[in-house]
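In: Model the structure of this input:
(chains A, B, C and D, ligands or ions: 4)
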Amino acid sequence: MAEMTLVEAVNLALAYEMKADKSVVVLGEDVGKNGGVFRATQGLLDKFGPDRVRDTPLAESMIAGISIGMAAAGLKPVAEFQFMGFLYPGYDQIVNHAARIRNRTRGHMTCPVVFRTPYGCGIRSPEHHSESTEAVLAHIPGLRVVIPSSPKRAYGLLLASIRDPDPVIFLEPSRLYRWAKQDVIDDGKALPLDTCFTLRVGTDVTLVTWGAMVKETLAAADLLSQNGVSAEVIDVATIKPLDIDTIIASVEKTGRCVIIHEAAKTGGVGADISALVAERALLSLRAPVQRITGYDTIVPYAKMEKYYLPNEHQIVEAVTNIMEFA
Amino acid sequence: MAEMTLVEAVNLALAYEMKADKSVVVLGEDVGKNGGVFRATQGLLDKFGPDRVRDTPLAESMIAGISIGMAAAGLKPVAEFQFMGFLYPGYDQIVNHAARIRNRTRGHMTCPVVFRTPYGCGIRSPEHHSESTEAVLAHIPGLRVVIPSSPKRAYGLLLASIRDPDPVIFLEPSRLYRWAKQDVIDDGKALPLDTCFTLRVGTDVTLVTWGAMVKETLAAADLLSQNGVSAEVIDVATIKPLDIDTIIASVEKTGRCVIIHEAAKTGGVGADISALVAERALLSLRAPVQRITGYDTIVPYAKMEKYYLPNEHQIVEAVTNIMEFA
Amino acid sequence: MEIVAKFEVPYYQYLNHEGNVVADLPAFAKDTQELIKLYRLMVLNRIFDTKAIALQRTGKIGTYPSTRGQEGVFVGVGAGMAKDDIFVPYYRDVGILVQRGVKFSDILLYWGGDERGNCFASAKNNFPYSVPVGSQPLHAAGVATALKIRKEKHAVLTVTGDGGTSEGDFYEAMNVAGVWKLPVVFVVSNNQWAISVPRSEQTAAQTLAQKAIAAGFAGEQVDGNDVIAVRDRTEVAMKKAREQNEPTLLEIISYRQSDHTTADDASRYEAKGTRETHWAHEPIMRLKKYLEKLGVWDDKKEESLQTECAAEIEKTVADYLQTEPATVESLFDYLYEKLPKIYEEQRDQLIQLGGQSHG
Amino acid sequence: MEIVAKFEVPYYQYLNHEGNVVADLPAFAKDTQELIKLYRLMVLNRIFDTKAIALQRTGKIGTYPSTRGQEGVFVGVGAGMAKDDIFVPYYRDVGILVQRGVKFSDILLYWGGDERGNCFASAKNNFPYSVPVGSQPLHAAGVATALKIRKEKHAVLTVTGDGGTSEGDFYEAMNVAGVWKLPVVFVVSNNQWAISVPRSEQTAAQTLAQKAIAAGFAGEQVDGNDVIAVRDRTEVAMKKAREQNEPTLLEIISYRQSDHTTADDASRYEAKGTRETHWAHEPIMRLKKYLEKLGVWDDKKEESLQTECAAEIEKTVADYLQTEPATVESLFDYLYEKLPKIYEEQRDQLIQLGGQSHG
Ligand SMILES: Cc1ncc(C[n+]2csc(CCOP(=O)(O)OP(=O)(O)O)c2C)c(N)n1
Ligand SMILES: Cc1ncc(C[n+]2csc(CCOP(=O)(O)OP(=O)(O)O)c2C)c(N)n1
Ligand SMILES: [Mg+2]
Ligand SMILES: [Mg+2]
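Out: Ligands and ions are numbered 1, 2, ... in the order given. Okay, here's the model as predicted:
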């Protein structure tokens, strides 16, 4: 057991599974000697050699496409896109092939690949290093989309993702990479991919979030409790397929739901959750479901980033408003 | 004025605007001599010559990327992706560049491009010819996404899209290409891109839809009126940016809302509309907002297509259920 | 100014279009039984092709891409591969697949609009058809990476059309194969058209073979109407891949003696008479002429071959037509290993509605 | 077997690393004033670069990609272009941009995290920085298409890194430029690294120049530490583009005398001493040696040049540091020509919240 950051937990899970399963191969740009631009793959080349830790040429469609071929041929590739903004050249391969090979071959061929990528803003990077477009992946049948928001969940969910027999997009909130440390036990235990994680139990309002916004959401829950409002905090974690049951059960209890995400509001995953809550728990709702999200803008460069990101005060205000509603 | 199909109306609008505006250039795979695989560009090569009607090499990222360069350099390219399932290799260029050039240059450079593509299933085509993933475009700030559902709207909305100073994704429902004819006046009059179209006025329920599902929705409205239910039918047409006001006004009147789309349910544009209705008109709702959508599956090959597509009876049933709700 | 690199592109042909030998024949071509096998396969494929088009015209299958005139390419490539090699097809290479255990009836099922025609369950070393042009060479490179990592001594072969060579994916696949020294052969079936766009409007490269130079390995042109050359150069390239981990690009040149698919009408863009001019080079007649010259073929043999092949195809068509429809729930059954809970309700709904619509 | 195509890749150098002339100099290089201009620009760029790194270290700008050791490439290319030509940059070519009207202070504003540094408002014929590697050559091809359609006699130039040549977009851009005969020059700035991945692991192609062969036009290697060669070959290629609509690929070879960016630590992957070995070839010293040999340069001139350039850079840094912050609503102001109604509420909210956070 050791205290570690989220990115270190990613590294630990990779090392664990590479040791446990010879078919796991790590590939991507700068994942070898350099250990990844965030050091997620640090040390793996030394431990597992260049056959299994592969620096690729600079081509994302290629990274996606060869990973698909490798996976269909019996390996378990864990491929890195350097930033989510550079995943898009691989989008065609992911949507038209990774997500479909099992279906296309009626199960005779499968595609157990993990596509990892740092995502989200708030680290003062240049353009395209701040994307959170998880929605454009979560819409695609055949994919899983998994987002850890703590070192422990990074470890357990990444193990589960690698072991999953289907393609998983694993989005790592770069803003949390080195945020809070946690004790992580390197026991190879996976966490389930079919459930949300309830981070805090409460009775007055359900705060539904994932990724880096877990940070602001937990901070808001603290502030709210000082105001006498008891917030339940749900980290969705696996946004595709969604464990809607946990969310509905919580909303049925609290009667209020606020969804918080960093991505642009329009077409964000929050819309889907809101729609499902409305469909399945309308009669339990004491106030309209609220969404606190990034703006429908292009994520600004570093200087304006702080205005783009939702903060805990916005969450508190939204909750306070709907507490008055009913 | 002449009776024509939707695809003929597309052709008419292209010809009109190419004649009116020398900067309009049509490009894509097989758009020249062949006139497009659906004949949308038929006759344009003869009329406007090979400089302005360009058969491209077979490369969609290239089609997207050069169109962006052409647009930034002062032309108005209207580029065709042969099917929506082949747009994805161009997704990076569309998301990372077309949608951002104005913003990136603080308005000093713009990107007045139209990306046309046939979309949707129901024409018994092979795999990848049946996509309706409009949601993965509608999530992207900086884009417009426009979907005509009749010959007249195809004509007017395409003209508006070409004249719009920003990038427009123009999705043509291939199932409607040769469905119903309409009299189209070739007067060069554009239709607005900032409004829904109310196709049928009603008082009991608001049916919100777009694209080819307009067909089933109108059929359902007919059936409903036989049952004494008065349905208002809204064709959203421009799904990004959304004219939510028209939808809200209608729902405030009818108290009920059913959203119908062909795309997979999870993360579809229906979720967004549902969420907005819940946020803005909760108190007017007499029943939960319903979504009738394609399944969360990969669109099947031809033989099973009919099971994938929602039909008018499902819509009628959903409406009937919520009529009983309150 | 100094010259720092030099390259050449060779062209291979053994039989010219009159059926005359123009270069030293490879060993297998000295065995007439081997040649007759290739001949039979080409004939069988052509009969299948004609039949498939007829089935499309009568609504028994959907859109279908003909292979007429390209039998030399697909039969030769298939014959040049070993059973344990892995094949990553595009959508026109039935002639390869059927040599590797895929049934003609599967091909019909596929173009008939049934996913079960794409699982090649009985023919393990083949990937499914890939419709997005140019996307499958990357899968081939991935498979080759897996083989290399596992030190398996097989090779991978993938086919792309001439149009497909313009896709970035095609280049990215070659590039990684070159730098990683992958055991993979990239075949370009240059039938001189990508739907309506001729080869000359696809690229300024004088040959498609030279595209391999960008990836640092050898490319060559092969006469695709000479099935002997196709089989031989495929064998050589596959051997090089297996033994030296050295990729090759084979540009195999034929002519599309058909519309692009049954949904196409080539008269809109193909100059009148062009197809007929190229017909003089088509692969079946050429090998027949040679076999006749060798004295191992005659009209009687031809007739019985035609009859036998036609019967085989009739049988496969009957198999296809008797295929039971798939279940409606098959839409959900292969999305994930286990259907996630949130979709169960949709699956139930589909079964309920699908049951209704079936009636 | 017959050879159907042959290709060669030439390499150009005029000044070797000792500052000796090894080939007939182009006309401009006989004018020492022209050479001193190039020298001054290289010096100015290096001083800027050192300053920018210092600004990053003190938190005054964000991540910054150094151009140290690559001054010959960017100064030479910029000098080889005409004012009316169009430039489509990647993210490291400040040395070109500043010759085309962009201010160093804009560059700082950009890396300082402010979109206004990317609009190059005062320098119309330049595209903004493009961060997605390999994506911008397609824009260049598009601009070249527009110029050709409008029969404007300018040409387009775009720069990609050695790593960027592995992207499919790079190939697709070359391919369309070749077949459409577009007036565009593709420069590859081969600084031998893509972050940590060396050129040798990027592709098996012996030269990057030969990648043009796949697209059917000429590619050549240029010594990027010889600013004379760079300017000359750029001029020749741009002229060919303008006058003959014939694209060229220029692989310009230098060495990255820095980390990839300030966020990188090259000591993790770059063998010790490699950078120092390459330093013997760096472009500024080389031209200085030659100018000294010509007798037109001495320590006094050098000193005053250094002082003058340092002052110019100080001034530009001051301009940058004095830039007023942008308004919060600028997030919404350039999404569309006119902000759609549905986003107005969000914009209002941003102004309200942003106003607060400002305080
Ligand atoms: C990515 C992609 N774009 C477009 C299409 C539509 N399409 C199908 S076949 C074809 C032409 C392919 O030509 P070529 O590669 O020469 O192969 P051929 O069909 O001639 O064998 C096109 C454009 C597609 N299937 N995939
Ligand atoms: C599409 C894309 N993938 C990855 C990155 C991250 N990245 C930024 S620079 C770089 C290396 C580029 O190397 P090269 O093309 O040689 O240019 P150089 O920086 O050496 O000038 C990488 C991988 C990116 N910006 N864009
Ligand atoms: Mg072809
Ligand atoms: Mg480099």
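In: Any residue of stretch C:217-228 touching chain D?
Out: Yes - judged by Cβ under 8 Å from any Cβ of the partner chain, stretch C:217-228 comes into contact with chain D at C:F217, C:Q221. Yep, even glycine has a C-beta here, placed from its N, CA and C like the rest.
In: How far off centre is that stretch?
Out: Its chain's C-alpha centre and that of stretch C:217-228 lie 14 Å apart, by Cα atoms, centre = their mean, to the nearest Å.
In: For it, buried residues please.
Out: C:F217, C:A218, C:G219, C:E220, C:Q221, C:V222, C:D223, C:G224, C:N225, C:D226, C:V227, C:I228 (16 or more other Cβ atoms under 10 Å in any protein chain shown).
In: What of stretch C:188-207?
Out: Result for stretch C:188-207 [16+ other Cβ under 10 Å]: buried residues C:188-199, C:201-205, C:207.
In: if I pick the closest residue to ligand 2 within the stretch 101-250 of chain A, what's in contact with it?
Out: Nearest to ligand 2 in the stretch 101-250 of chain A, going by Cβ to the nearest ligand atom, is A:H128, at a distance of 6.7 Å. A:H128 makes contact with A:F83, A:G85, A:F86, B:N96, D:V131, D:P132, according to Cβ atoms under 8 Å, 6 or more residues apart in numbering or on different chains.
In: Helices of chain C, start to end?
Out: Assigned by DSSP state H, chain C shows helices spanning C:32-57, C:71-80, C:94-97, C:104-111, C:136-149, C:168-179, C:227-244, C:274-279, C:283-294, C:299-321, C:330-333, C:344-358.
In: Mean pLDDT and distance to D:F332 added to those helices, as TSV?
Out: Below are these laid out as TSV (pLDDT from 0 to 100; distance: least, Cβ to Cβ, whole Å):
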stretch	mean pLDDT	distance to D:F332
helix C:32-57	98	53
helix C:71-80	98	56
helix C:94-97	98	54
helix C:104-111	98	49
helix C:136-149	98	39
helix C:168-179	98	34
helix C:227-244	98	55
helix C:274-279	97	56
helix C:283-294	98	63
helix C:299-321	98	58
helix C:330-333	96	42
helix C:344-358	83	38
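In: Of these, which is nearest D:R233?
Out: For D:R233, the closest of those is helix C:168-179, at 24.7 Å, according to Cβ to Cβ.
In: close enough to count as contact, A:P148 and A:I239?
Out: No - using Cβ atoms under 8 Å, A:P148 makes no contact with A:I239, being 11.6 Å away.
In: Looking at the stretch 101-250 of chain A, which residue is nearest ligand 3?
Out: Closest to ligand 3 within the stretch 101-250 of chain A is A:R104: 22.9 Å, counting by Cβ to the ion.
In: for chain C, same thing?
Out: C:G161 (3.8 Å).
In: can you pull the contacts of that residue?
Out: Per Cβ under 8 Å, 6+ apart, neighbours of C:G161: C:Y90, C:R92, C:V133, C:V188, C:S189, C:N190, C:N191, C:A194.
In: can you rerun that using 10 Å?
Out: B:58, C:65, C:90-93, C:133-134, C:167, C:170, C:188-195, C:199, C:202, C:208, C:256, C:260 (Cβ atoms under 10 Å, 6 or more residues apart in numbering or on different chains).
In: Same question for C:E243.
Out: Per Cβ under 10 Å, 6+ apart, neighbours of C:E243: C:K153, C:A155, C:P183.
In: Show the buried residues in the residues you listed.
Out: For these, buried by 16+ other Cβ under 10 Å: C:A155, C:P183.
In: Going by distance to A:V289, which of the contacts of C:E243 wins?
Out: Of those, the one sitting nearest to A:V289 (Cβ to Cβ) turns out to be C:P183, at 54.9 Å.
In: Do I have it right that that closest one meets C:E152?
Out: Yes - the pair C:P183 and C:E152 qualifies as a contact (Cβ atoms under 10 Å) at a distance of 8.9 Å.
In: so what sits against both of the two?
Out: By Cβ under 10 Å, 6+ apart, the residues touching both C:P183 and C:E152 are C:I86, C:R242.
In: coming back round to it: can I get the contacts of A:H128 in CSV with neighbour count?
Out: Converted to CSV, the contacts of A:H128 look like this (neighbours: other Cβ atoms under 10 Å in any protein chain shown):
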residue, neighbour count
A:F83, 22
A:G85, 25
A:F86, 23
B:N96, 25
D:V131, 20
D:P132, 24
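In: farthest pair in those residues?
Out: A:F83 and B:N96 (11.2 Å).
In: which residues do these two both contact?
Out: By Cβ under 10 Å, 6+ apart, A:F83 and B:N96 have these common neighbours: A:H128, A:E131, D:V131, D:P132.
In: and the residue in the stretch 201-326 of chain A positioned nearest to chain D, how many neighbours?
Out: Nearest to chain D in the stretch 201-326 of chain A, going by Cβ to the nearest Cβ, is A:A302, at a distance of 2.8 Å. Neighbours of A:A302 under the rule other Cβ atoms under 10 Å in any protein chain shown: 22.
In: Any idea how many residues pack against the spatially closest residue to it that is not a sequence neighbour?
Out: Once flanking residues are discounted, A:A302 sits nearest to D:G113: 2.8 Å by Cβ to Cβ, 6 or more residues apart in numbering or on different chains. Using other Cβ under 10 Å, D:G113 has 20 other residues around it.
In: same question, A:I169
Out: Residues near A:I169, counting by other Cβ under 10 Å: 28.
In: What strand or helix carries it?
Out: In the assignment (DSSP states H and E), A:I169 maps to strand A:168-173.
In: pLDDT on that strand, on average?
Out: Averaged across strand A:168-173, the pLDDT comes to 98.
In: Paired strands for it, with orientation please.
Out: strand A:114-119 (parallel), strand A:144-146 (parallel) (DSSP bridges).
In: TSV please, covering those and showing mean neighbour count and mean pLDDT.
Out: TSV is the format used below for the strands paired with strand A:168-173 (neighbours: other Cβ atoms under 10 Å in any protein chain shown; pLDDT from 0 to 100):
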stretch	mean neighbour count	mean pLDDT
strand A:114-119	27	98
strand A:144-146	27	98
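In: Quickly note the distance from the residue lying closest to C:K181 once chain neighbours are set aside to D:N45.
Out: Nearest residue to C:K181, sequence neighbours excluded (Cβ to Cβ, 6+ apart): C:N245, at 4.3 Å. For C:N245, the distance to D:N45 (Cβ to Cβ, to the nearest Å) stands at 44 Å.
In: Give me the pLDDT for A:R163.
Out: 98.
In: got the contact list for the residue lying closest to it once chain neighbours are set aside?
Out: Using Cβ to Cβ, 6+ apart and skipping the chain neighbours, the partner closest in space to A:R163 is A:A190 (6.1 Å). A:A190 makes contact with A:A13, A:E17, A:Y155, A:G156, A:L157, A:L158, A:L159, A:A160, A:S161, A:I162, A:R163, A:D164, according to Cβ under 10 Å, 6+ apart.
In: hmm, back to that, among the helices of chain C, which comes closest to ligand 1?
Out: Among the helices of chain C, helix C:168-179 comes nearest to ligand 1, with 8.5 Å by Cβ to the nearest ligand atom.
In: how about the closest one, does it reach chain B?
Out: Yes - using Cβ under 10 Å from any Cβ of the partner chain, helix C:168-179 reaches chain B at C:G168, C:D169, C:F170, C:Y171.
In: Intersect those with the contacts of chain A.
Out: Okay, of those touching chain A (Cβ under 10 Å from any Cβ), that's C:G168, C:D169, C:Y171.
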